[in-house]
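Q: sequence isn't available, so here's the structure alone:
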């Protein structure tokens, strides 16, 4: 009896050691993957910092001014005229700000002559709304 119990314990210990080794091996593989990802993230962050520094150098106003003077003949740049800029009130109306169409108001019972007799907002014809335009 003692021998069969010893054999069972040896098998259980061997199985436990195998499971423990397998889990340890999987954990080491995951740790290696994490380290590779961290190294990749660090490389990307360094690349972003380098590109930001490069962009800061390339967009310095004094550098751009020198380039404009050198390439004035080719670029033919001119200052922006005030009429080229649009004010917010000149922009077209947002769809969210537009009143609903008449058929929607009729379906809701809010059109002229419908409803419970209370005064409702008048239906605005959107074709008559003046939108701003940029002078050219």
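A: Ah, there it is. Since this is a predicted model, take the numbers as computed values, not measurements. Numbers count the residues shown, from 1 in each chain.

Q: next, the buried residues of the helix or strand bottoming out on mean pLDDT in the chain.
A: None of the helices or strands of the chain scores lower by mean pLDDT, DSSP states H and E than helix 102-108, at a mean of 75. Across helix 102-108, burial judged by 16 or more other CB atoms under 10 Å covers residue 105. From N, CA and C alone the C-beta is placed, and that goes for glycine too.

Q: and it, what does it pack onto?
A: For helix 102-108, there is no helix or strand it packs on, judged by 3 or more CB pairs under 8 Å, 6 or more residues apart in numbering; DSSP states H and E.

Q: ok, the residue sitting nearest the centre point of the chain to residue 4 distance?
A: The centroid of the chain falls nearest to residue 48 when counting by CA atoms, centre = their mean (17.3 Å). As judged by CB to CB, to the nearest Å, residue 48 and residue 4 stand 66 Å apart.

Q: repeat for residue 49
A: Residue 49 is 67 Å from residue 4, where distance means CB to CB.

Q: output the below-cut-off pLDDT ranges for the protein.
A: Low-confidence segments of the chain (pLDDT under 70): 1, 95-96, 110-136.

Q: secondary structure class for the residue nearest to the centre of the chain?
A: State at residue 48, reduced to three classes by DSSP: H, G, I helix; E, B strand; the rest coil: helix.

Q: can you pull the domain assignment for the chain?
A: The chain breaks down by automatic domain parsing into domains covering 2-70, 79-118.

Q: can you pull the contacts of the residue nearest to the centre of the chain?
A: Shown in contact with residue 48 (CB atoms under 8 Å, 6 or more residues apart in numbering): no residues.

Q: distance of residue 56 relative to residue 45?
A: Residue 56 is 17 Å from residue 45, by CB to CB.

Q: starting at the chain centroid, how far to the least confident helix or strand of the chain?
A: How far helix 102-108 lies from its chain's middle: 37 Å, per CA atoms, centre = their mean, to the nearest Å.

Q: this protein: strands as residue ranges?
A: For the chain, strands defined by DSSP state E do not occur.

Q: what segments of it are helices?
A: Secondary structure of the chain (DSSP state H): helices at 2-58, 61-70, 72-75, 102-108.
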